[in-house]
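Trainee: Just to be clear, the model below is a prediction. Sequence and coordinates:
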Amino acid sequence: VYRGINPADLGGSGGYNFGVSSLMADELPAVAALLAARRVGRIAIGLDYFMFTSFPGPPRLEQGLEARAARLEAWAKAALSLRALAGIIPPVLASAYEPGAWRFDGHKATPDYAAAVTERIAREQMFGTMRYRPQTLAYLEAALKRLGGADVRLYLSPMSRPQRALASAAGRDREITQWRADLAAAAQRLGVPLRDLVDQHPFDDFDPARGSSRFWLDNSHFKPEVGRWIMNELGLPVKPM
């Protein structure tokens, strides 16, 4: 999401892209606590199947981010990291990390990938190790309750056709269908609007063997043109092209 949603495309007072790489459902309450502490008034939350599975994922977010001291510590670690320096002096350090440049609004402008990269990313999709865990919806519900006073809008993130094919080959179709139905029911129960965009989108131009396309960087990451469409689908103000 940090690659695909560009806050510069928002109208009005703009916004911030708080996308976190490989965020899992059990981390949502910590993120919600931080947003509640910052009194954020309008929040769009993108969800995908991966977040609600048994996939071990990366190291978890630290809890307690609603406390100012914890936020200051996290900011200091981020500001002094090599990744931060890579964004300031890319000729020196950028080659050590993923390509692209971070912006202060949380968006990462990312160049297209060559076919060798998109094919490798496709091979590394680990749907075989993922199992949907319905109990993880409780974390989303806990997060939404923490954001009770905000204008919250949910969407299920678009999947590219090759990504859906990989999930199907791993036998995940039935689980993904159940996950979509469970989230729709939870959103209705909590009175939070939700847009299911998993396959209700016109962006099927991607082939891993040909590198990044107009709409997709790789199997699972869409580009800002798709992000503009998502924001429009959510009823958010989008600047004219």
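Mentor: Perfect, I can see it now. Note that the coordinates shown come from a computational prediction; the quantities given were computed from them, not determined experimentally.

Trainee: the strands in this protein, which residues?
Mentor: With DSSP state E, the ranges of strands along the chain come out as 42-47, 101-102, 108-109, 151-156, 194-196.

Trainee: any idea where the helices of this protein begin and end?
Mentor: 28-37, 68-79, 82-88, 90-93, 115-123, 137-146, 161-169, 173-190, 224-233 (DSSP state H).

Trainee: Redo the ones you listed as a markdown table? Include mean pLDDT and mean neighbour count.
Mentor: Quick note: C-beta positions are derived from backbone N, CA and C, even for glycine. Formatted as a markdown table, the helices of the chain follow (pLDDT from 0 to 100; neighbours: other C-beta atoms under 10 Å):
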| stretch | mean pLDDT | mean neighbour count |
| --- | --- | --- |
| helix 28-37 | 91 | 20 |
| helix 68-79 | 68 | 11 |
| helix 82-88 | 53 | 14 |
| helix 90-93 | 44 | 12 |
| helix 115-123 | 95 | 16 |
| helix 137-146 | 95 | 18 |
| helix 161-169 | 96 | 17 |
| helix 173-190 | 97 | 15 |
| helix 224-233 | 97 | 19 |
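
Trainee: Looking at the ones you listed, spot the one closest to Ser213.
Mentor: Proximity to Ser213 (C-beta to C-beta) singles out helix 115-123 among the helices of the chain, at 8.9 Å.

Trainee: How far does the closest one sit from its chain's centre?
Mentor: Centroid separation for helix 115-123 versus its chain: 20 Å, with C-alpha atoms, centre = their mean, to the nearest Å.

Trainee: Show residues contacting that helix.
Mentor: 113, 162, 166, 208-212, 217-220 (C-beta atoms under 8 Å, 6 or more residues apart in numbering).

Trainee: Would you agree Thr110 is in contact with Tyr2?
Mentor: No - using C-beta atoms under 8 Å, Thr110 is not in contact with Tyr2; the gap is 9.0 Å.

Trainee: ok, Phe55 - contacts?
Mentor: Contacts of Phe55 (C-beta under 8 Å, 6+ apart): 24, 126, 129-130.

Trainee: For those, which ChimeraX command selects only the ones that are buried?
Mentor: To isolate the buried members of the contacts of Phe55 in ChimeraX, using 16 or more other C-beta atoms under 10 Å:
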select :24,130
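
Trainee: Give the full set of residues in contact with the residue nearest to Phe18 when sequence neighbours are not counted.
Mentor: Distances taken as C-beta to C-beta, 6 or more residues apart in numbering place Gly106 nearest to Phe18, at 5.9 Å, with adjacent residues excluded. Contacts for Gly106 (C-beta under 8 Å, 6+ apart) come out as 2, 7, 16-19.

Trainee: Of these - the most surrounded one?
Mentor: Sorting the contacts of Gly106 by how many neighbours each has (other C-beta atoms under 10 Å) puts Asn17 first, at 21 neighbours.

Trainee: nearest residue to that residue other than its sequence neighbours?
Mentor: Nearest non-adjacent residue to Asn17, counting by C-beta to C-beta, 6+ apart: Gly106, 3.5 Å away.

Trainee: Same check on Arg228?
Mentor: Leaving aside its sequence neighbours, Arg228 sits nearest to Asp9 (C-beta to C-beta, 6+ apart; 5.0 Å).

Trainee: tell me the contacts of the one you found?
Mentor: Counting by C-beta under 8 Å, 6+ apart, Asp9 has contacts 224, 227-228, 231, 238-239.

Trainee: Make TSV from those residues and add distance to Met51 to it.
Mentor: Output for those, formatted as TSV (distance: C-beta to C-beta, whole Å):
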residue	distance to Met51
Pro224	21
Gly227	18
Arg228	23
Met231	20
Val238	25
Lys239	29
